[in-house]
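This is a predicted model, with the sequence first.
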Amino acid sequence: MFEIDGLTLTLEQVERAASTPGTEVRLSESALARMASSRERVDEIVRSGDTVYGINTGFGHFAEVTIPVDAVCELQINLVRSHAVGMGEPLPPECVRALLLLRANVMAHGCSGVRPVVAEQMLGLLRADVLPVVPRQGSVGASGDLAPLAHLALVLIGEGEAVVDGRVVDGATALAHAGLEPLELHAKEGLALVNGTQVMTALGVLTSAELGRLCSMANVAGALSLEALLGKSAPFDPAIAELRRYDGQRRSADEIRDLIDGSQLIDSETTRVQDGYSLRCMPQVHGAAADVCSMARSTFATELNAVTDNPVVLPDGRVLSCGNFHGQPVAYALDFVSMAAADLSSIVERRINRLLNPRLSGLPAFLVEDGGLRSGYLMVQTAAAAIVAETRTLAVPASTDSVPTSADQEDHVSMGTWGGWKSRLAVINCRRVVAMELMCAAEAIEFRDPVQRAPALVAVHEWVRRYVAPLDTDRSLAADIERLVEALGDDDLLATAGLR
């Protein structure tokens, strides 16, 4: 159990809550006090009749329309219902858990002008692991993630749909399962529920965490390939990384150097002066991807505790219209994650090619002894090439695009939510290609003389063999690859390799 106050939520807490059904989270006392104060200011405005955007006006193009006091609550319900136009596949469970936590944390900051019960309703769903069905399409990433957040908000008022114990049920049934009553929205509360960047941020937090792990997994796969290809150790000398001083390069070189330590296969080829770039430049490429990931996570860490509402209720009582809902900072970071995942996949695919190409490896073509009758791993590189090509298209920036909405009131948008989803797809693809390299490198090493091997890589080879048997005869490798892909979903490989 942990508390949120809108100021101190961490990436690690979000990741833990996302992966752990039934996480206990509550509002801190300081958050409750700030929320009560800002709510009183909203109530004052309603009582006074002063016109303030989002409290007693229409939204977007209708901002100039004043809403009578007796219709203010109806305005909020209409907003939620009308904005729930999401389409496509629903966000995965881990993303919805993160989304519930992040939106509640924004409200805990005390600038949203909502009653504490609104945030507590979301935390109640998180605690019960009742997850709103949130379609992934429909947000342009400015004015916040309006459409997907509206689907989340529908469940809070007893409408929409949610997943309970693996079944999709209506919102009222879902609330009852969680021991909650449908929420009656007061002034500004509907708007506070849909204004924000929490969908794209949730995707960014979770996707970047996986990319960070994949950078180290690529070091493991690359080290196993290096040993199988009788590679050189010189490029991983710590003096090389110190000359350039990038943290990612240092870590990558250190990890690979530790992995190959004790191998008699490394440096055993004396006629070749240098290795190809996909081997020699692993620290520079893997490390750069890790550094991009770190930069992106810095942005996401800031966004966790950012106020992304409009209008905002300041501690001094002013209520100001603003643009904090605009997702551009997050959108840029998400595009960098996609690009890093695409390029990491690219260098991994090139090593797969080296393992399978006899002119580059000195091994039997496609790692099969009776080639011609058998095809061995021939199609693995083809499939990897297809995945890399797809991933490169996912690396095309979303953040440089903008389609105006709301009768040009919202005339520049971030497209950050699509950026978040495609970064997820790019990282999933990267994991598939890394799994393919591990499978090929494990097969390749078995063609080498039985000399002393690096102890860490012996353990890695044994880990791969838990999921993929040697290729004694041609078979469909799709299931083998999928088992490895699934196994790479946690840190077990890194622990086996001694990197965790």
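That came in fine, so what should we check first?

Looks like residue 437 contacts residue 221 (just checking).
Yes. Residue 437 is in contact with residue 221 according to Cβ atoms under 8 Å; the separation is 4.2 Å. In this view, the C-beta of every residue, glycine as well, is placed from N, C-alpha and C.

Can you check which residues contact both of the two?
Common neighbours of residue 437 and residue 221 are listed as 348, 351 (criterion: Cβ atoms under 8 Å, 6 or more residues apart in numbering).

which one of those two has more residues nearby?
residue 221 (30 against 27; other Cβ atoms under 10 Å).

so the more buried one, which of the three states?
helix (DSSP: H, G, I helix; E, B strand; the rest coil).

any idea how far it lies from residue 457?
10 Å (Cβ to Cβ, to the nearest Å).

Same check on residue 243?
The gap separating residue 243 from residue 457 is 27 Å, by Cβ to Cβ.

more crowded one of these two?
residue 457 (26 against 8).

Confirm that one sits in a helix?
Yes. Counting by three-state DSSP, residue 457 is found in a helix.

now it: how far from residue 353?
From residue 457 over to residue 353 (counting by Cβ to Cβ), the distance is 20 Å.

How about residue 56?
With distances defined as Cβ to Cβ, the gap from residue 56 to residue 353 amounts to 64 Å.

I'd assumed residue 114 was in contact with residue 188.
Yes. Checked against Cβ under 8 Å, the pair residue 188 and residue 114 is within contact range at 6.7 Å.

so what sits against both of the two?
Residues touching both residue 188 and residue 114 comprise residue 42, with contact defined as Cβ under 8 Å, 6+ apart.

which of those two has more neighbours?
Just comparing residue 188 and residue 114: by other Cβ under 10 Å the higher neighbour count belongs to residue 188, 32 against 26.

quick one, what contacts that one?
For residue 188, counting by Cβ under 8 Å, 6+ apart, the contacting residues are 42, 54, 55, 76, 112, 113, 114.

try residue 252
When contacts are counted by Cβ under 8 Å, 6+ apart, residue 252 touches 215, 219, 282, 283, 286, 287, 290.

Would you format the residues you listed as JSON lines with distance to residue 167 and neighbour count included?
Formatted as JSON lines, the contacts of residue 252 follow (distance: Cβ to Cβ, whole Å; neighbours: other Cβ atoms under 10 Å):
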{"residue": "215", "distance to residue 167": "38", "neighbour count": "28"}
{"residue": "219", "distance to residue 167": "41", "neighbour count": "27"}
{"residue": "282", "distance to residue 167": "46", "neighbour count": "29"}
{"residue": "283", "distance to residue 167": "48", "neighbour count": "27"}
{"residue": "286", "distance to residue 167": "42", "neighbour count": "29"}
{"residue": "287", "distance to residue 167": "45", "neighbour count": "25"}
{"residue": "290", "distance to residue 167": "40", "neighbour count": "27"}
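
which ones among these are found in helices?
Secondary structure assignment by DSSP state H places 215, 219, 282, 283, 286, 287, 290 of the contacts of residue 252 in helices.

And this structure, split by domain according to the record?
If the domains of the chain are taken from automatic domain parsing, they occupy 2-196, 203-496, with pieces of a single domain joined by a plus sign.

Pipe those into CSV and attach mean pLDDT per row.
Putting the domains of the chain into CSV (pLDDT from 0 to 100) gives the following:
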stretch, mean pLDDT
domain 2-196, 94
domain 203-496, 96
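
so residue 324 makes contact with residue 303?
No. With contacts defined as Cβ under 8 Å, residue 324 does not count as touching residue 303, sitting 10.4 Å away.

With neighbour numbers in mind, choose between the two.
residue 303 (22 against 18).

The more buried one contacts residue 201, doesn't it?
Yes. Residue 303 sits in contact with residue 201 when judged by Cβ under 8 Å, with a separation of 4.8 Å.

so which strand or helix has the spatially most central residue of the chain?
The centroid of the chain falls nearest to residue 207 when counting by Cα atoms, centre = their mean (1.8 Å). Element membership of residue 207, judged by DSSP states H and E, is helix 198-228.

repeat for residue 493
When secondary structure is defined using DSSP H and E, the element that contains residue 493 is helix 492-496.

Flag every buried residue along that helix.
Residues of helix 492-496 classed as buried: 493, 494, 496 (neighbour count, 16 or more other Cβ atoms under 10 Å).

contacts for it?
Residues beyond helix 492-496 that count as contacts (Cβ under 8 Å, 6+ apart) turn out to be 213, 216, 217, 220, 438, 459, 460, 463, 487, 500.

Which members of those residues are the farthest-apart pair?
The widest separation within these, taken as Cβ to Cβ, falls between 213 and 459 and amounts to 17.7 Å.

ok, these two, which is more surrounded?
Legend: neighbour count by other Cβ under 10 Å for residue 213 and residue 459, higher for residue 213 (21 against 15).

Who are the contact partners of that one?
Residue 213 sits in contact with 491, 494, where contact means Cβ under 8 Å, 6+ apart.

Start at 12, not 1
With 12 as the first residue, the last one maps to residue 224.

Please tell me how far it sits from residue 113.
Between residue 224 and residue 113 the computed distance is 21 Å (Cβ to Cβ).

What segments of the stretch 312-461 of the chain are strands?
Listed in chain order, the strands found in the stretch 312-461 of the chain under DSSP state E, counting those that start in this stretch are 323-324, 330-331.

again, but for the stretch 162-311 of the chain
With DSSP E, counting those that start in this stretch, the ranges of strands along the stretch 162-311 of the chain come out as 172-175, 178-181.

Of the ones you listed, which is nearest residue 157?
Residue 157 lies closest, by Cβ to Cβ, to one member of the strands of the stretch 162-311 of the chain: strand 172-175, at 18.2 Å.

Export the closest one to PDB, keeping only CA atoms.
Below are the C-alpha coordinates for strand 172-175, written out as PDB (Å, rounded to 0.1, in the frame of the first residue of the first chain):
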ATOM      1  CA  GLU A 172     -18.200  -1.300 -19.600                       C
ATOM      2  CA  ALA A 173     -15.500  -2.800 -17.400                       C
ATOM      3  CA  VAL A 174     -13.700  -6.100 -17.000                       C
ATOM      4  CA  VAL A 175     -14.400  -8.100 -13.900                       C
END
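
what helices or strands is that strand leaning on?
The helices and strands touching strand 172-175, judged by 3 or more Cβ pairs under 8 Å, 6 or more residues apart in numbering; DSSP states H and E, are strand 142-143, strand 178-181, helix 182-188.

Near residue 23, how many other residues are there?
Counted by other Cβ under 10 Å, the residues lying close to residue 23 total 11.

Give me the three-state assignment for it.
helix.

out of residue 67 and residue 364, which sits in the busier spot?
The residue with the greater number of neighbours, taking residue 67 and residue 364 and applying other Cβ under 10 Å, is residue 67; the counts read 23 against 17.

now residue 213, nearest residue through space, not along the chain?
residue 109 (3.8 Å; Cβ to Cβ, 6 or more residues apart in numbering).
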